[in-house]
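Asker: Build me a model:
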Amino acid sequence: MTELSGAPRNRTLRATVAFVVSVCVALVAVNAWLIWKSRSADFRQAAVATTNLTRAVSQQMNAMFSEVGHVIDNLGYELERADITPATLERLQPVLVNQVATIEQIHGLFVYDAAGRWIAHSEPLANPNANNADRAYFIHHRDNASKRWRIGTPIVSRSTGVWIITVSRRIDDAEGRFAGVVLATVRLDHVLRLMGEFDIGERGAIALIEADGTIMARLPFAQEDLGKSIVGSSLYATLSTKRVGTVETRSPVDGVQRLVSFQHLSDHPLLMAVAMAEDDLLHDWKTASIIQSAWILSLCVLIAVAGSRIVALVRLRGRTERSLQQAHGELERANAQLAELARNDGLTGLFNRRHFDQQFDLALRQAARHDHPLGLVMIDVDFFKRYNDLYGHPEGDRCLQQVAAAIRSAVRRPGDIVARYGGEEMVVLLPDTDDAGAVTVAEGIRAAVLALAIPHEGNPLGRVSISAGVAARAVGDHAAGGMGLLKRADMALYAAKAAGRNTVAILHPQGGGAAAAPD
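Answerer: Sure, this is the predicted structure:
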């Protein structure tokens, strides 16, 4: 009983613990999923914002350099149409000054001849011996017949000493030979000022980069970053294969993890990159995630405490149930013992007369209902009074126990009933057994008892024996009642004793009798 009730209780405990753990795991998992989804949403919004910002900066830079390029295109076209004479250059001088004054981003305009000498410029004063033939842009145009603009890497101006970005174009003479260079300079601080107008966060970055990976301008500004190459970095690997995109990567300049949006300028071999630092992007997300996680953990602790209380109550209930089950088990055992005493004979262990009467009445009614045979064997120990007189009552009791065991061994079917009828008399009830079968069982009992070879000097055989009377309800005999069957078996027993004992006799319903001779 304890095991049967203990299993459901253990299942309840396990189910309670599993429920508490499952709820906590589910809450933590859902919280993690929500945090991750929130992070992804923040990144998507940031990607959209940086992409739009990059597009705006790119358009502004593209327009700025395009305007400067158109100015030097016009100057170069005019110079190539006319002969480059002192008069032409004299007329050109105020034009250059006016252009610089009109266009904000232009810092200076210059015209160099084929030898690199200054032949026209917007500067108020100039060194007559100034020569720019060693500059990279001059060498490029001298050696390259293309008249496309060239935007150069930032350099320090020789005339003003400030950082500038050069925009240059080749000039040819009437015969198509190299005749010089038209140059416009853009102050680097002007470019940085334009870039600084966009909010990129506390640790964000914005950079103007040449197609070959060289940094031309960058915020936050550091002079040592000018001209630095990012070739070989994972960022450049992405920038060099796509015209527009967004990538999450670590900066090759300062090592800060950022979300980088980039776009190549439509008209120039340059690209803009706008990068938002992850710490800036995720600051609000981290704060919200910490608060949310703390709330979820608090809820899990509350559930765990409630679950522990439930487990404690279940365990208390289990201990109470075990106590009740133990008391119930003891009561059942006591009841079983009482039931055993109520239906069993205390000496022989066979069923007692009361239980036999109940079973006999039931068997008789079932035999009559189904018209089945029913056998009955009445047994008596021969000369048992003499045995008690010779050997004493304790030995007589022991003799009855041995005889009872022999009878039980000879009656093998589970449905057969063996009972002590009274004193040394015993009875065997044999359901579904006709007279011939009952005689066979009685003979087996007689032989089993005789085989015990219990000494009995008061018996002519010299050992303990039994006599048996057999009666049976025949199929179709609806008149046979319980008392009639018992009376016939008892009369058959007397017939067996009269025949000399150690004998089995049967009495048929017609009143005739017969006795089986002993072995």
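Asker: what's the model's confidence in the longest helix belonging to the chain, averaged?
Answerer: Counting residues, the longest helix in the chain under DSSP state H turns out to be helix 2-81. Helix 2-81 shows an average pLDDT of 83 in the prediction.
Asker: next one: the helix or strand harbouring Ile290 to chain centre, how far?
Answerer: Per DSSP states H and E, Ile290 falls inside helix 283-343. Taking Cα atoms, centre = their mean, to the nearest Å, the mean C-alpha location of helix 283-343 is offset from the chain mean by 25 Å.
Asker: any idea how far the longest helix of the chain is from the chain center?
Answerer: On the basis of Cα atoms, centre = their mean, helix 2-81 sits 25 Å off its chain's mean C-alpha point.
Asker: What is the next helix or strand along the chain from it packed up against?
Answerer: The first helix or strand that comes after helix 2-81 along the chain, using DSSP H and E, is helix 86-102. Contact partners of helix 86-102 among helices and strands, from 3 or more Cβ pairs under 8 Å, 6 or more residues apart in numbering; DSSP states H and E: helix 2-81, strand 106-113, strand 118-121. (Glycine included, C-beta is placed from N, CA and C.)
Asker: tell me the angle of the helix holding Ile290 relative to helix 2-81?
Answerer: When axes from the mean of the first three to the mean of the last three Cα atoms, to 10 degrees is applied, the directions of helix 283-343 and helix 2-81 differ by 160 degrees.
Asker: Now tabulate the helices and strands packed on helix 86-102 in a markdown table and tack on distance to Asn98.
Answerer: Rendered in a markdown table, the data for the helices and strands packed on helix 86-102 read as follows (distance: least, Cβ to Cβ, whole Å):
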| stretch | distance to Asn98 |
| --- | --- |
| helix 2-81 | 11 |
| strand 106-113 | 10 |
| strand 118-121 | 13 |
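Asker: Minimum distance to Gly161: which of those has it?
Answerer: Judged by Cβ to Cβ, the one of those that comes nearest to Gly161 is strand 106-113, at 11.8 Å.
Asker: and the angle from the closest one to helix 86-102?
Answerer: Using the same axes, to 10 degrees, strand 106-113 lies at 160 degrees relative to helix 86-102.
Asker: buried set for strand 106-113?
Answerer: Applying a neighbour-count criterion of 16 or more other Cβ atoms under 10 Å, one finds 106-113 buried in strand 106-113.
Asker: Need the distance between the two termini of stretch 107-119.
Answerer: In stretch 107-119, first residue to last residue: 18 Å (Cα to Cα, to the nearest Å).
Asker: for stretch 222-238, same thing?
Answerer: End-to-end distance for stretch 222-238: 24 Å, by Cα to Cα.
Asker: quick one on the thing from earlier: quick one: closest of the helices and strands packed on helix 86-102 to Thr238.
Answerer: For these, the distance to Thr238 is smallest for helix 2-81, at 13.5 Å, taking Cβ to Cβ.
Asker: Where does pLDDT dip in the chain?
Answerer: Low-confidence segments of the chain, defined by pLDDT under 70, are located at 1-9, 334, 336-341, 477-482, 509-519.
Asker: what's the distance between the residue lying farthest from the centre of it and Gln93?
Answerer: Distance from the C-alpha centroid of the chain peaks at Ala87, with 88.0 Å (Cα atoms, centre = their mean). Shown here: Ala87 relative to Gln93, a distance of 11 Å by Cβ to Cβ, to the nearest Å.
Asker: residues in contact with the nearest residue to Glu123 once chain neighbours are set aside?
Answerer: In space, Glu123 comes closest to Ser159 once its chain neighbours are excluded; the distance is 5.4 Å by Cβ to Cβ, 6 or more residues apart in numbering. With contact set as Cβ atoms under 8 Å, 6 or more residues apart in numbering, Ser159 has these partners: 108, 121, 123, 126, 130.
Asker: ok, back up a step: closest to Leu313 among the buried residues of strand 106-113?
Answerer: Minimum distance to Leu313 across the buried residues of strand 106-113 is 84.3 Å, recorded for His107 (Cβ to Cβ).
Asker: still on that earlier bit, what helices or strands is the helix or strand following the helix holding Ile290 leaning on?
Answerer: The element immediately downstream of helix 283-343 (helix or strand, assigned by DSSP H and E) is helix 353-370. Taking 3+ Cβ pairs under 8 Å, 6+ apart as the contact definition, the neighbouring helices and strands of helix 353-370 are helix 283-343, strand 374-381, strand 417-422, strand 425-431, strand 466-473, helix 482-498.
Asker: which one of the ones you listed has the most crowded surroundings?
Answerer: Compared across the helices and strands packed on helix 353-370, strand 466-473 shows the largest average neighbour count, a mean of 29 (mean count of other Cβ atoms under 10 Å).
Asker: Can you give the strand pairings for that one, parallel or anti for each?
Answerer: When pairs are called by DSSP bridges, strand 466-473 turns out to pair with strand 374-381 (antiparallel), strand 504-507 (parallel).
Asker: Next, format the contacts of Ser159 as TSV and append distance to Arg354.
Answerer: Shown next, in TSV, are those (distance: Cβ to Cβ, whole Å):
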residue	distance to Arg354
Gly108	133
His121	140
Glu123	139
Ala126	142
Ala130	141
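Asker: I appreciate the help and will end here.
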